[in-house]
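Colleague: Need the 3D shape of this:
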Amino acid sequence: MKKSFTLLELVFVIVVIGILSAIIIPSTRSNNLREAAIQIVSHIRYTQHLAMLNDKFGINDGVWYKKRWQVVFEYATTEPKYSIYSDGPNYTGNADVGETAIDPLDKNKLLSGGGTGFGSVAAKAKINKKLNLSQTYAVTNITLTNQDGSAGGCKNQTRISFDYLGRPIQGTINGYTAAYKNNKLINKTCVITITGIDGSVEIYIEPETGYAHII
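Modeller: Numbers count the residues shown, from 1 in each chain. This next block holds a predicted model:
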């Protein structure tokens, strides 16, 4: 006698598949904050790579250290964004077009979500919208603080630069008067918190190594 499924068994299987789908599919959907965090971590590591590869040292340049590669966050705006750049020659502290890193994935774009130095039409054409975290990932805020809650370190900072060893440095380096100022090397775990309508995600940058990772 030939065996076959009964209608009841088929209905039961369909119901089980439906339940599993309802459980599994939401967990595989895109998470904007997670994607934003992955991108930021990747770009922090790229900034560190640039700093180690091109430390900007010049024997005849007394302020070479002001050109160190850095990632700067603009979060006191309605559209949180960030840029990767090497300051100079006027050392304005802003990421201008000629100072911003080229996107290795798109040579026609720069690693900047826009800002003060991108006012012209030509400059705006080079803005990378992915670095505008508000437009691309619905991020509403970014904060920098220390894991232990203490003062100093990267608390309330807007940028992180790296030296030739890849060590993270705090502060706006265009105002530095020496390659290494006291207490400017980050010696506490830095926490970057990105917030959106779905919650928040934390990124840690470890002292000394500059290792960036998502928590």
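Colleague: Please make it C-alpha for all contacts and neighbour counts, starting now.
Modeller: Will do.
Colleague: And for Pro89, the neighbour number?
Modeller: Using other Cα atoms under 10 Å, the number of residues around Pro89 comes to 11.
Colleague: so where do the helices sit in the chain?
Modeller: Taking DSSP state H as the test, the helices found in the chain are 7-28, 32-53, 121-124, 133-137.
Colleague: Show me what counts as buried in the second one.
Modeller: Within helix 32-53, the residues that qualify as buried are 32-34, 36-37, 40-41, 43-52, counting by 16 or more other Cα atoms under 10 Å.
Colleague: mind showing which ranges of this structure have poor pLDDT?
Modeller: 1-30 (pLDDT under 70).
Colleague: Show the contacting residues for the most centrally placed residue in the chain.
Modeller: Centroid-nearest residue in the chain: Ile40, 2.4 Å away (criterion: Cα atoms, centre = their mean). The contact partners of Ile40, by Cα atoms under 8 Å, 6 or more residues apart in numbering, come to none.
Colleague: now swap in Ala212 and tell me
Modeller: 41, 44-45, 203-206.
Colleague: Please tell me how far the spatially closest residue to it that is not a sequence neighbour sits from Trp64.
Modeller: Among residues not flanking Ala212 along the chain, Ile205 sits closest, at 4.4 Å (Cα to Cα, 6 or more residues apart in numbering). Between Ile205 and Trp64 the computed distance is 25 Å (Cα to Cα, to the nearest Å).
Colleague: who's more crowded, the two?
Modeller: Ile205 (26 against 18).
Colleague: Against Ile214, how distant is that one?
Modeller: The value you get for Ile205 to Ile214, if Cα to Cα is used, is 9 Å.
Colleague: How about Arg167?
Modeller: Here the distance between Arg167 and Ile214 works out to 18 Å (Cα to Cα).
Colleague: Which one of the two is surrounded by more residues?
Modeller: Applying other Cα under 10 Å to Arg167 and Ile214 shows that Arg167 carries more neighbours, namely 21 against 16.
Colleague: Hmm, the more buried one is touching Pro207, no?
Modeller: Yes - contact criterion Cα atoms under 8 Å: Arg167 and Pro207 qualify, at 7.1 Å.
Colleague: what touches both of the two?
Modeller: Contacts common to Arg167 and Pro207, judged by Cα under 8 Å, 6+ apart, are Ile186.
Colleague: quick one, phi/psi of Asn60?
Modeller: Phi and psi for Asn60, reported as degrees, to the nearest 10, are phi -100, psi 10.
Colleague: Check the burial of it by counting its neighbours.
Modeller: 7.
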